[in-house]
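# Predicted model follows, preceded by the sequence.
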Amino acid sequence: MGVPCFPDLAALPEPVEHVVFAVSDHRIEAIFEEAVKTGVKAMTIMSMLHIDNDMQPPLKERIQARVQETGVLVCGANGMGFYNFADRVTVGGFATRPNHIAGNVALISHSGSGMAGIMDSDERINFNLTVSAGQELSVGMHDYLDFALEMPTTEVVGLFMETVREPDLMIEAFKKATRKQIPIVVIKTGKTKRSAELTVSHSGALAGSDECYNAVFSKFGIQRVNDMNELADTLIMFAQPHSLAEGNLVTIHDSGGERQLILDLAADQDVDFAELNPETILKLEEILDPGLPAVNPLDAWGRGLDDSDQIMADSLTTMLQDPNASMGAVVQDRGALSRIYPEYLQYMKQANDATGKPVFLVSNIQGTSSDNTVMESTARGLPILDGVYSFLAGVRCMHRYRDYLAHENDILEPISTEAMTKWQQIIDQGQLIGEHESLEMLSEIGIETNQSYGVDNLDEVIESAKKLDYPVVLKTAVPGISHKSEVHGVYLNLNSDKELTDAYKDLDKRLGPEALLSKMIDEEGVEMILGMTTDPQFGPMITLGFGGVYAEVLKDVVTLMPPFNAETAKQALSELKMHSLLSGYRGNEAADVESYCKMASKFSLFALVMRNHICEIDVNPIILGKDICLGLDALMVVHADNKN
């Protein structure tokens, strides 16, 4: 064939920068060492690095150790290489479609098929870079992400993520994306126990807590989707050139039934439709055939006369001109053999020309054939998508990313730095932090808690009661008892010295002398919770939501990464199932949600600053009512090296 061949790397006529291994795993160690010896600085390994009946340590660990010793950059192993379309550099052992055009979308995937499945199957997406990260022997997803963010052509990044091996570095990359206002869309596997188990065998890493990953994604505006269809559609939608406006979605249909369907699907995807202004409604009533209601989403197909197409186009344009409309969509079915009707494209163009807002053509079902119009229109900035549900995922992601950027720099609630320094020193000295100290600490940094006194003899009990006034609550504070009610360690609504004395003597006899005396709070309100746990990957995580029995039985809570502002806390509360309890359910007065959200913001900053001293905090319950937001109970767990 006339192709020059050489016996080994040393025989090549010029230095090698990058070696791609296309040999069996039995031979890879020797060739790896040869490559290192000849000065190779980068390699791509596609194989699994597995040998049956291997010695110890196994091949993968041996190669990884040498990679770390030599500082060689490795893409893989167990990957499919990378395709840098912007610079026309391809390092992959698998065929790809021949019509790639360098574009503005980067895709980084732990799964090789997760990369190839989108890269090869969807011609509507023009990539500048795709990478199969594999087992990340030296170069990780965070490195590829950082590189993609530095590419001048990158406008959106997709991630197919199984794990994060370097949390701090990944977070730095997420921060860079925020600074550059480049959206990131992610599929994260490992939601279920079985999926998490298989992550270990596939990529050699733990999947991590799904709640914590959601908190990290929320913190940095990373948009999570459920499957590859949603990922592809969302990348297409972010990649189109028109800026998203304020407001919500408007859609136009030629079917009443399909209009009802999109409302149901939008509820599942947490997508809101724009409320049309009265002026817009009047204009629509003038445009539409008689008998059609001027509402959003709009069924604009009436009598089907010669002016029907103009009615559709004018209706969409009118809705998109409404100041409450952020984007629009023509949601209709394709014709025979999946043909795209050219009239649909005219609806889109007229509305986009008039407003500059994003407009999409969405079919309810794709079918088995294709139409070149799909690629052509998408390339012109008017994307054509298949499937309402995945389109709505993209709408949700675009709206949430817009809102994230709008609130990203909101101010945190202040807390007392002097108080935190004081308590850090107290913990460093090994002092026991019980419930009394926990409540006192929170109070001193600016979180309102119930006034309480730690006592360990009857005289202190009676003296402290005088400062509180009856009725009071007496609880055991003996170390090691976390569930006081289970050991009958709580007396409520004590109204006299005699009742208090009898209660204390009982606790002293059965459980021990240490106790906590607090004011009895009888104001009506909803029980809430604030908690902090320490995730082994990402550090402090904050739990907020419904407390008391709700937290134990219903678990209607959400996890956020600290610190966060009050607006972020308010948005998180709105996603809880029982959120309506806070807004005046069945005649009850609305709770002071603003105060709780400010408390949560303070708590998040406190937890972050104290992360090297405290590993767990539980403020539960917090009584939240019309005029009250008060922490009643609190427990903290200090790190093991701070304990006596």
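Arrived safely, thanks for sending. Residues are numbered from 1 along each chain as shown.
# Low-confidence ranges, the protein, go.
195-208, 368-369, 587, 642-644 (pLDDT under 70).
# Go through it and flag its longest helix.
In terms of residue count, the longest helix belonging to the chain (DSSP state H) is helix 388-407.
# Which positions within it qualify as buried?
The neighbour-count criterion (16 or more other C-beta atoms under 10 Å) identifies 388-402, 404 as the buried residues of helix 388-407. C-beta: built from backbone N, CA, C; applies to glycine.
# Quick one: name whatever helix or strand follows it.
helix 417-428 (DSSP states H and E).
# which residues touch that following helix?
Outside helix 417-428, the residues that touch it by C-beta atoms under 8 Å, 6 or more residues apart in numbering are 433, 437, 441, 444-446, 606, 609-610, 613-614, 638, 642.
# mind checking how far the longest helix of the chain is from the chain centre?
A distance of 12 Å separates the centroid of the chain from that of helix 388-407, by C-alpha atoms, centre = their mean, to the nearest Å.
# Identify the residues contacting the residue nearest to residue 468 when sequence neighbours are not counted.
Excluding the flanking residues, the one nearest residue 468 by C-beta to C-beta, 6 or more residues apart in numbering is residue 519, at 4.9 Å. Applying C-beta under 8 Å, 6+ apart to residue 519 gives the contacts 450-452, 468-469, 472-473.
# what's the distance between residue 519 and residue 620?
Distance of residue 519 to residue 620, given as C-beta to C-beta, to the nearest Å: 18 Å.
# ok, now residue 182?
From residue 182 to residue 620 the distance is 39 Å (C-beta to C-beta).
# Compare neighbour counts for those two and give me the winner.
residue 620 (22 against 19; other C-beta atoms under 10 Å).
# what helix or strand does that one sit in?
Residue 620 belongs to strand 614-624, assigned by DSSP H and E.
# For the residue nearest to residue 468, give me phi and psi.
phi -70, psi 140 (degrees, to the nearest 10).
# Break the protein into its domains for me.
9-76, 82-238, 243-407, 451-520, 526-642 (automatic domain parsing).
# what's the distance between the second one and the middle of its chain?
Offset of domain 82-238 from its chain centre (C-alpha atoms, centre = their mean): 14 Å.
# Ends of it, what's the gap?
End-to-end span of domain 82-238 (C-alpha to C-alpha, to the nearest Å): 22 Å.
# Can you say which of the domains of the chain is nearest to residue 415?
domain 526-642 (5.0 Å; C-beta to C-beta).
# tell me the secondary structure for residue 351?
helix (DSSP: H, G, I helix; E, B strand; the rest coil).
# who touches it in this structure?
313, 316-317, 320, 328, 357, 359.
# With residue 132 instead?
By C-beta under 8 Å, 6+ apart, the neighbours of residue 132 are 75-76, 79-82, 92, 109-112, 115-116.
# got it, and residue 91?
18, 20, 44, 75, 81-83.
# Who wins on neighbours among those?
Neighbour-wise, those (other C-beta under 10 Å) top out at residue 75, 27 neighbours.
# Phi and psi next, for that one.
According to degrees, to the nearest 10, residue 75 has phi -90, psi 120.
# In three-state terms, how would the closest residue to it other than its chain neighbours be classified?
Leaving aside its sequence neighbours, residue 75 sits nearest to residue 44 (C-beta to C-beta, 6+ apart; 4.4 Å). Here residue 44 is recorded as strand under three-state DSSP.
# what's the distance between residue 44 and residue 144?
For residue 44 relative to residue 144 (C-beta to C-beta), the value is 13 Å.
# before we move on, the earlier item: from the contacts of residue 351, which is closest to residue 585?
residue 328 (35.5 Å).
# Contacts only, for that closest one.
So residue 328 contacts 249-252, 316, 319-320, 351, 357-360 (C-beta under 8 Å, 6+ apart).
# what's the helix or strand for it?
strand 325-331.
# in its sheet, what does that strand sit against?
strand 248-253 (parallel), strand 359-363 (parallel) (DSSP bridges).
# Might you calculate how far the longest one sits from the centre of the chain?
The chain centre lies 26 Å from the centre of strand 248-253; the measure is C-alpha atoms, centre = their mean.
# Tell me the buried residues in that strand?
For strand 248-253, by 16+ other C-beta under 10 Å, it's 248-253.
# Compute the inter-axis angle for it and helix 388-407.
With axes from the mean of the first three to the mean of the last three C-alpha atoms, to 10 degrees as the basis, strand 248-253 and helix 388-407 are set at 160 degrees to each other.
# Going along the chain from strand 248-253, find the next helix or strand for me.
helix 256-268.
# which non-adjacent residue is nearest the most centrally placed residue in the chain?
With distances taken as C-alpha atoms, centre = their mean, the residue of the chain nearest its centroid is residue 217 (2.9 Å). Nearest residue to residue 217 in three dimensions, chain neighbours excluded: residue 224, at 5.2 Å (C-beta to C-beta, 6+ apart).
# do residue 633 as well
In space, residue 633 is closest to residue 620, 6.1 Å off (C-beta to C-beta, 6+ apart).
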